Structure formats: C-alpha cells, structure tokens
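> sequence and predicted structure, then a few things I'm wondering about:
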Amino acid sequence: MSWNVKPSATTRIHRRSEPYVTEEMRTRLREEILPRYAVPQGALLPILHDIQHRYRHIPHQAMEEVAELLGITSADVLDTVSFYDEFKMEATGRCVIGVCQSIACEVCGHEAILDHLRGKLDLEVGETSDDGEFTLLAMECLGSCDTAPVALFDETLHEGLTIDAIDRLIEKVRQGGGAGEHPHG
Ligand code: FES
C-alpha cells in the first residue's frame, strides 16, 4: 500500500525583500477591516481577498506576513487558503475562465464550450497559458442554471454561452479589454 503525502515540510518558500502586504493593504486593514471584528482573526478573509486580487495567488511569504499581522500561525492561514477554491497558491493567468460543469450546464452543452476553449487556448482544465494570459477551470454550479451554459471570466458571469460568444470574449481579453461585458451586448 502506498501513501500520497503533501511535501509541506520540504516546500521551498521563495522570498523577496519587498513585503507582499503593501502599506496600502496595511492601512486598509488597520483603519477599515480590523475595527469590524471582535478578534483580529476575523480579518483573515478580507486581507486574503486583497492579496489574491493583487497577485492572483497567495504566495507563501504573504501567508507568513498575514499571520504575523493578525497574531495567528502560518498554518492557520494556510488552512484557510487551501480550504477556499477562490484562493490560489500558484499564480493564475491574468484572465481566469471558469466554465460551469454542473448538471444544468452539462445538459446545455458545457463540454462543447470546454472543448472549444481547450483547443483555442491549448490548455487543459487547471492549466495556465505560458504567456500568463489565461487560466482554464471547470467549476461547480455558478447559481445561474436557467441561463446555462455559463462561465465566469474573472468575476463576471457570462450566460447563455455559444462558441461565437466565447470567441468574442477571448478576442476582447487578448486585445486588453477584459471580458467584463456580456458578449451579446
Ligand atoms: S449548473 Fe451551471 S449554473 Fe447551475
């Protein structure tokens, strides 16, 4: 019988001299976030959101910085980061595409959407393109079953997707316009 083990004890932490938690984040933490919570640990999710948003992942060094700021252990921060899907430990692309794969979207053709994206971006689900532009993910129900098939482009939900709509969105991202507006609009 074999065991799969996490390489936590041997993972090398890449460090940089400049802190990941910027002065601006520290000020927001001190003035806006911490006053809302009875204990500093309550501020953990908001500060992690800030870091994820800025760096598109939570570097290990940033987890240590957050732990020190909130007076908790790095293991507590790591537990939280690894629990929530929205926090990534590896850098994601500048545009994260999450195609819903749950039942309504499955029935309405999510596989064709995913296949098209796989071919167009030359990516498998879970991968990031070499140029750092796109990450392709398959997600569980995004709460818009009546407009299936749907996908998130970063934080914007696109509904009733077609291959043409996907092509327009990808083109828009490649031209630097983001994909925040509905492709039919
Ligand atoms: S199944 Fe796709 S949004 Fe619900």
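Arrived safely, thanks for sending.

> list the contacts for residue 72?
Residues near residue 72 by C-beta atoms under 8 Å, 6 or more residues apart in numbering: 40-41, 44. No exception for glycine: its C-beta is placed from N, CA and C like everyone else's.

> the residues you listed, buried ones only, as a ChimeraX selection?
In ChimeraX, a selection of the buried entries from the contacts of residue 72 looks like this (16 or more other C-beta atoms under 10 Å):
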select :44
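
> out of the contacts of residue 72, which comes closest to the ligand?
Among the contacts of residue 72, residue 44 lies closest to the ligand (C-beta to the nearest ligand atom), at 28.5 Å.

> so that closest one: helix, strand or coil?
Judged by DSSP: H, G, I helix; E, B strand; the rest coil, the three-state class of residue 44 is helix.

> just checking, it touches residue 63?
No - counting by C-beta atoms under 8 Å, residue 44 stays clear of residue 63, with 10.3 Å between them.

> any residues in contact with both of the two?
residue 77.

> around the ligand, pick out the residues from the chain.
100, 102-105, 141-145, 148, 150 (C-beta under 6 Å from any ligand atom).

> sort out for me which of those are in helices.
Using DSSP state H, the subset of the residues of the chain next to the ligand located in helices is 103-105.

> SS state for the residue most central in space within the chain?
Centroid-nearest residue in the chain, with C-alpha atoms, centre = their mean: residue 86, separated by 4.6 Å. What three-state DSSP gives for residue 86 is coil.

> using PDB, write out the CA atom coordinates for the helix or strand that contains residue 47.
Assigned by DSSP states H and E, residue 47 belongs to helix 44-55. Written as PDB, here are the backbone C-alpha positions of helix 44-55 (Å, rounded to 0.1, in the frame of the first residue of the first chain):
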ATOM      1  CA  LEU A  44      -8.200  37.000   7.700                       C
ATOM      2  CA  LEU A  45     -10.600  36.500   4.700                       C
ATOM      3  CA  PRO A  46     -10.700  40.200   3.700                       C
ATOM      4  CA  ILE A  47      -6.900  40.600   3.700                       C
ATOM      5  CA  LEU A  48      -6.500  37.300   1.800                       C
ATOM      6  CA  HIS A  49      -9.000  38.700  -0.800                       C
ATOM      7  CA  ASP A  50      -6.800  41.800  -1.200                       C
ATOM      8  CA  ILE A  51      -3.700  39.700  -1.700                       C
ATOM      9  CA  GLN A  52      -5.400  37.300  -4.200                       C
ATOM     10  CA  HIS A  53      -6.800  40.200  -6.100                       C
ATOM     11  CA  ARG A  54      -3.500  41.900  -6.400                       C
ATOM     12  CA  TYR A  55      -1.100  39.000  -7.100                       C
END
